[in-house]
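Asker: fold the following, please.
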Amino acid sequence: MARFNFIEGTTQYRSYRWVTWGVFLLALLLVGFAYADTAQVTILDNRYNLGLPRINKAIAFAVAVLGLQVIVGYTGQLALGQSFFFGTGAYLAAWLVADQNWPWLATLIVVVPVCFVLGVIFGVPALRIKGLYLALVTLGLAAVFPAVVQLDVLDEYTGGASGKSVGSDLLPPSWLPLNGINSVLQNIPLLGQYFGEGDLSSRELERIWKYLLFSILAAICLWMVSNLVRSRPGRAIRAIRDNETSAAVSGVNLSWQKTMSFGIASALGGVGGIIYVAELGIASPGDFTQVLAILFIVGLVVGGVGTLSGAVVGGLAITFIPEWASSTEQFPGVPDRWLQGPTGTFIMGILLIVLTFFLPGGIVSGARRLKAKVVRVLPAPPKGFQPAGPIGDGGDADVTVDDEPATADTDLAAR
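Answerer: Numbering: from 1, shown residues only. You can find the predicted model right below:
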């Protein structure tokens, strides 16, 4: 039995939701101001880099992994070409901002439909294949992208092998009191030391504004996908994932739903590409290879397939784990020579193997199991429901909730 039980629709449940979201948003705000500058955290005498540029990169990856959740996690199609659309969004946004003087947010009105249409175009031929063959075809799509952007005919648009550099105009608006908020945080007892001293520099103000803007954009993407999953088309794509034959018999248009899933996933990849190039300031062909496509799949599995929060966890994992693992110089019980060389990729592989065996549902699945031991949300009883009393007794009966659902055998015995 969980320590705290809430019934949906009650005042206690609403208070629990509001407090949970409030704490989460407060944590996001504190992280933004605490790590506005390039910072380091020390764990077991190892120094690990942590700052908003890396967190913003993780946000970009999280949005791209969210797209994979739509096509792989919810539709069940093994597609590995997300880096193609991620790179398309990055290059297209860089060209619009650098050469056409577009503001960053305005690039969304071009990147999203273009990536959506490309996803639909590549999704139609993919309807004839599935499984490993679909994975191979989409991985080939990711593999050819670096060569495509380096073609001579596209050199003036993409910058060729040197990449497409772009300046940033994401400056915080004058009405946003970032310095005032930082001053308040500096006066918090015990925690104020983590927010520096004095006013923020112009670079720090820009980083915080980017972080807030990217977080809001990612939250909108999460909200839209959440609504999609709960809608009728969302139930249709999950039916396809569970059993295509049963879905078709139930009237689901398999071709239409699969094609739309490809389009939505590709559009989300393009949004992630915008965030990525807006943070780094350059779109380079070496950043959008098939290795990145594999990393997106790793993030999907590590975070949790078929979970929205798994996309966030996956983005953080593929951003920080390889880099932090490479920065580990000593660890209790491990010879120092073992920590030399490409340990980041090695530890990422070990983590994937361990999670596959012990947490097949990913980190989010494990977190939910722990949460279920503390907090449990019960569905609201039907409207007008009245508990039945014992036979022969006109009094009211006490209602109890068992930890285990009733089985067919117990129902039969009750009869």
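
Asker: C-alpha from now on. contacts and neighbour counts both.
Answerer: OK.

Asker: which helices and strands does the helix or strand harbouring Ser365 pack with?
Answerer: Counting by DSSP states H and E, the element that carries Ser365 is helix 362-372. Counting by 3 or more CA pairs under 8 Å, 6 or more residues apart in numbering; DSSP states H and E, the packing neighbours recorded for helix 362-372 are helix 290-303, helix 308-326, helix 343-358.

Asker: can you say which of those helices is packed in most?
Answerer: helix 290-303 (a mean of 24; mean count of other CA atoms under 10 Å).

Asker: what about Ile274, how many residues nearby?
Answerer: The burial count assigned to Ile274 is 29, neighbours taken as other CA atoms under 10 Å.

Asker: I meant to write Cys115 there.
Answerer: Going by other CA under 10 Å, the residues that sit close to Cys115 add up to 27.

Asker: what score does it have for pLDDT?
Answerer: Looking at Cys115, its pLDDT reads 94.

Asker: which strand or helix spans the nearest residue to it once chain neighbours are set aside?
Answerer: Leaving aside its chain neighbours, Cys115 sits nearest to Ala267 (4.9 Å; criterion: CA to CA, 6 or more residues apart in numbering). Of the helices and strands defined by DSSP H and E, Ala267 is found in helix 254-280.

Asker: which ones are touching the residue nearest to Cys115?
Answerer: 67, 85, 111-116, 119 (CA atoms under 8 Å, 6 or more residues apart in numbering).

Asker: so where's the longest helix in this structure?
Answerer: In the chain, with assignment by DSSP state H, the single longest helix is helix 202-230.

Asker: I'd like the next helix or strand past that helix.
Answerer: helix 232-242.

Asker: give me the contacts around that following helix.
Answerer: With CA under 8 Å, 6+ apart, helix 232-242 has contacts from 74-77, 228-229, 246-248, 252, 254, 257-258, 261.

Asker: determine which two of those residues are furthest apart.
Answerer: Across the contacts of helix 232-242, no pair lies farther apart than Leu228 and Ser246, at 20.9 Å, counting by CA to CA.

Asker: and those two? which has more neighbours close in?
Answerer: Leu228 (15 against 12).

Asker: Tyr194: which of the helices and strands packed on helix 362-372 is closest?
Answerer: From those, taking CA to CA, the stretch that ends up closest is helix 308-326, at 20.9 Å.

Asker: before we move on, back to that, how much space between the residue nearest to Cys115 and Thr10?
Answerer: 38 Å (CA to CA, to the nearest Å).

Asker: likewise for Lys371?
Answerer: Applying CA to CA to Lys371 and Thr10 gives a distance of 20 Å.

Asker: can you check Ser183 too?
Answerer: Ser183 is 38 Å from Thr10, by CA to CA.

Asker: coming back round to it: what's the next secondary structure element after the helix holding Ser365?
Answerer: Next element after helix 362-372 (DSSP H and E): strand 375-378.

Asker: how about that following strand as CSV, C-alpha atoms only?
Answerer: Only the C-alpha atoms of strand 375-378 are listed here, as CSV (Å, rounded to 0.1, in the frame of the first residue of the first chain):
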residue,chain,number,x,y,z
VAL,A,375,2.2,8.0,-4.0
ARG,A,376,-0.7,6.3,-5.7
VAL,A,377,-3.5,8.0,-7.7
LEU,A,378,-6.8,6.1,-7.8
